[in-house]
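In: sequence? don't have it. structure:
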């Protein structure tokens, strides 16, 4: 059958630039930028040394002259501990996403690119990965490697890769059928080069969106794991640990919870907003006018 | 013979059964000539074209390039072949990666075969751009910023980058405006004169085929049912299907339209083939013999080939604008 | 003679960063009953928007002004309810791709009779009879069996026949066909073209196509559009043998012909203006080999069937 002829009126023909970055991107970029700066220059933001114990000051409620967010059961300044938690939490989230991304993208692309047996095998692996309970991974790693920054990062990476892999797999399957990919093969371009030149750049917008959402999820996961005692070592100022510590004092010193909760919510909100903003921008970029 | 096939067959396994897309085809193209492969959907013409490009190994039969058997060569061994046989696709909007710049698009085959520095590739790409009628300044623009006609020029430049001997063009202009089509057709003709490339043109547009091709191969349900010099086949088609195809060309004059040969029904599915001659259910001059026996592709005196028991009986009314 | 449709100063505009730009720039056209008019144009000519806005089904972002008068109702300015009564009834449309224009989950018969019964007081039994009648008229083989098929069970050519049946079932005054055969195989296209030429009954046909030969095959009048305007119109034989507008001549010269001498094709250099491009004077001037300074100063008015300051006299080669 002859291909139907479509005469699209594209944005290019209508002229002018696309509209500027939507508000979502600007706001989220601003927030995340601020958060990462805080993480980098942590010490500047401390009110007092976060590790400083002063039992005489314990469980003080927030005040403008004293501890802005109050003090915890050990007399440590909640606000400063929240700041101290930035590096850990943001770091874990970023590295976990990176690890998950690397594994997920490699597996997803390999599964979609190959034919028959290898594809079936790899896509089963991805399916199993998705259904694997993350707690088991966490417990296994902690048992084997012990608690710490890198074991937690590894856990989070191993927990997040399946979702990324599945999205990448589906997207690559479509991209693979594009005529320019066939053309490349017929010009003698090898598989690996094709993947790097054509598939990965086309995947970039999708990966960016998934990464933003994954980052947000891992933050929650970190909090959860620390809450359960599988994350950061006791006493380390991470938001999850702080939540854990605040459990006992929920009624008597609720401010212990506020700090980490606000921090988590703001970060997750910004990460999700980034994801949505990227999504919107990509959709508008590739859009056609009737 | 630069590129030829011997008893080439390509069969696909589909849920409904076995699909013989290409059925024992002997095809060849010589240096400097333009061969057109003509047919409707289900004829197998695109599958044949892709097989000629060694896109996939055929189910049976052989493909020879410059007398070397390339039927089952690995991708690695085919690298040299890929340099010499290139393709231009139908849809200029999907055959170029819209995210790449023009320089990258044209330079991609150069990079894969010759390496070299980016600057060298860009120089060569600029030359090629100019040779297809575009300005060298456009090298850094993204492919998505160009119109259909311009993209097709870029696709041609890309195909020429490796200095091929054979160019396979699958409906190269059918997605373009009429005036743009003419520009690209002229470009293709000039390129052929300059470089003495062989063209394999897959097209449904018989006027275009008449204008460009020296030889025509007509396919129906995977088989070649007629073949011959273009002038001959159009002026004096031997197979009733060819006659019907010619008669179906929308007519610029009333006479051609009045005697239009109308076929019954639609092209049958390649899975459920008719008995005997695959064309007989739709053929206006079919006789009992046609449903019982399958006509072989016979070679007639002047090099013409026809697969029909009653060749030449059905003639379309084509008005030639002028005679030679 | 009464008119099937009268189009008066029809303008269709789209929002662009530089304000509203017209895709259809003031079209005046009259079509008489039984006429078959071919609207020929390339991309950017506005021909598709013309067709869509005649039925009032243009994209919602488009702004339409002018009049499209069918019977005594102006489709452009009529209230929605009135327009809906006319659509499918007095004026109907055939699209390029029947698979996406027919409802995939309803049988052919049910779609046809639904249209029939929406616009006519008619019993189910009589509707069945009319459905069979029109399916036979458009050449569907074994209509009694076929009418209970779903669109995807039919071949491309059959689907297009069903589309045509749907367009004709309420005996419209005008059928608008937008590239109805472009997606079909050559031999099937020939069948459909024959049907469009001789099977319209009393309805007038407006055939929108980029292919001059298709228009010549089916129609008795050809209207050539370029960049939103009608540049020339006339009887088919006239246009083919004696085109006066340089664009029409260019179109004709750019089509390969069955000519044993194989003359070189003469493409029209350049490309049509984009929708938001502001062009002083004639919109074809930049590509026209007959253009002079007058052509870039003011736009030629459509008069005597042509919009050109320098119509070409003499037979086309």
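Out: Sure, I can see it. In this text the structure is predicted, and so the values were computed from the model without any measurement.

In: give the contact list for the nearest residue to residue C:280 once chain neighbours are set aside.
Out: In space, residue C:280 comes closest to residue C:296 once its chain neighbours are excluded; the distance is 5.7 Å by C-beta to C-beta, 6 or more residues apart in numbering or on different chains. Every C-beta, even on glycine, is put in place using the N, C-alpha and C of the backbone. Residue C:296 makes contacts with C:280, C:281, C:282, C:285, as judged by C-beta atoms under 8 Å, 6 or more residues apart in numbering or on different chains.

In: of these, just the buried ones, ChimeraX syntax please.
Out: To isolate the buried members of these in ChimeraX, using 16 or more other C-beta atoms under 10 Å in any protein chain shown:
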select /C:281,282,285
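
In: from residue B:246, how far out is the closest residue to residue C:35 other than its chain neighbours?
Out: Spatial nearest neighbour of residue C:35, excluding adjacent residues (C-beta to C-beta, 6+ apart): residue C:204 at 4.9 Å. Residue C:204 sits 31 Å away from residue B:246, going by C-beta to C-beta, to the nearest Å.

In: which one's more surrounded, those two?
Out: Neighbour count, other C-beta atoms under 10 Å in any protein chain shown: between residue C:204 and residue B:246, residue B:246 has more, with 24 against 21.

In: which residues does the more buried one contact?
Out: Listed by C-beta under 8 Å, 6+ apart, the contact set of residue B:246 reads B:206, B:234, B:237, B:316, B:318.

In: if we go to 10 Å?
Out: Residue B:246 makes contact with B:38, B:206, B:210, B:218, B:233-235, B:237, B:256, B:261, B:315-318, C:186, C:258 under the criterion C-beta atoms under 10 Å, 6 or more residues apart in numbering or on different chains.

In: phi, psi for it please.
Out: Main-chain torsions, residue B:246, degrees, to the nearest 10: phi -70, psi -40.

In: next one: it from chain A, what distance?
Out: In this structure, residue B:246 and chain A are 17 Å apart, going by C-beta to the nearest C-beta, to the nearest Å.

In: is stretch C:218-229 anywhere near chain B?
Out: Yes - judged by C-beta under 10 Å from any C-beta of the partner chain, stretch C:218-229 comes into contact with chain B through residue C:218.

In: in that stretch, what counts as buried?
Out: Those would be C:218, C:219, C:221, C:222, C:223, C:224, C:225, C:226, C:227, C:228, C:229, for stretch C:218-229 by 16+ other C-beta under 10 Å.

In: neighbours around residue 193, how many?
Out: Because you didn't say which chain, this covers chain A. By other C-beta under 10 Å, the residues close to residue A:193 number 14.

In: actually chain B
Out: A count of nearby residues for residue B:193, using other C-beta under 10 Å, gives 10.

In: which of the contacts of residue B:246 are close to chain A?
Out: Answer for these near chain A (C-beta under 10 Å from any C-beta): residue C:186.

In: what secondary structure does the residue in the stretch 101-250 of chain C positioned nearest to chain A sit in?
Out: Of all residues in the stretch 101-250 of chain C, the one sitting closest to chain A is residue C:183 (4.1 Å; C-beta to the nearest C-beta). Judged by DSSP: H, G, I helix; E, B strand; the rest coil, the three-state class of residue C:183 is coil.

In: where in the chain is pLDDT low?
Out: Picking chain A for this. A:1-21, A:284-290 (pLDDT under 70).

In: correction: the question concerned chain C.
Out: C:1, C:315-317.

In: quick check, central residue of it?
Out: Nearest to the geometric centre of chain C sits residue C:208, at 2.6 Å (C-alpha atoms, centre = their mean).

In: please report phi then psi for that one.
Out: Dihedral angles for residue C:208 - degrees, to the nearest 10 - are phi -100, psi 120.

In: quick one on the thing from earlier: what residues sit buried inside the helix or strand hosting the residue nearest to residue C:280?
Out: Here residue C:296 sits within helix C:293-297, counting by DSSP states H and E. By 16+ other C-beta under 10 Å, the buried positions in helix C:293-297 come out as residue C:295.
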